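S.K.: give me a model of this one.
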Amino acid sequence: MCPKEGGLLEKQKYCVYNESRECFLSLNVNRADTTFARLKGMIGRLRLKYDEGLWMVPSSGVHTIGVLFPLDLIYLDENYRVIHLIEFFRTFRIAPLRTNAESVLQLPIHTIYSSQTQLGDQLLICPPEEMETRLSEETLYRNNRKERVG
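M.R.: Have a look, this model is predicted:
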């Protein structure tokens, strides 16, 4: 359910963080978790800003028929582990299906390259408020661990 503000429905935004590489992939991803939202996808958009994206849930593949710009695609399993990557997926194409994929991230081109995301990487996907809490807890855990070892 989307929260209401000012009488308009707002989509929940998500942050995507690569725990394996310790870097953000996006701070502004929409979740497409209804049949209509997955069907529409990126159709009708003229471009994708550098920090936007779409998280198709559930999904084992996507298409760019009617999409006007190329995308980077990251296929994830049920634990948000990267199981397949496609850089610079061109327009008017159908991406391969991966039966073991639970979701697919559609991100701006060069996101995979600039983040050095690879197969097997572990991603964290959650709302910004939760991301802040999780990352501060992780930092505290790592600092405590270093103190005990050193």
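S.K.: chain neighbours aside, what residue packs nearest to residue 122?
M.R.: In this structure, residue 122 finds its nearest non-sequential neighbour in residue 19, 4.6 Å apart by C-beta to C-beta, 6 or more residues apart in numbering. Heads up, the C-betas are built off the backbone N, CA and C, glycines and all.
S.K.: just give me the neighbour total for the one you found.
M.R.: As a burial measure, residue 19 scores 15 neighbours (other C-beta atoms under 10 Å).
S.K.: in stretch 64-79, what's buried?
M.R.: The neighbour-count check on stretch 64-79 (16 or more other C-beta atoms under 10 Å) flags 64, 67, 70, 71, 72, 73, 74, 75, 76 as buried.
S.K.: I'd say residue 119 and residue 82 touch.
M.R.: Yes. Contact status for residue 119 versus residue 82: in contact at 5.6 Å, counting by C-beta atoms under 8 Å.
S.K.: which of the two has more neighbours?
M.R.: residue 82 (20 against 10).
S.K.: A strand includes that one, no?
M.R.: Yes. Checked against DSSP: H, G, I helix; E, B strand; the rest coil, residue 82 lies within a strand.
S.K.: and the pLDDT at it?
M.R.: At residue 82, the predicted lDDT confidence score is 98.
S.K.: can you pull up the bridge partners for it?
M.R.: With DSSP bridges applied, residue 82 shows beta-bridge pairing to residue 76.
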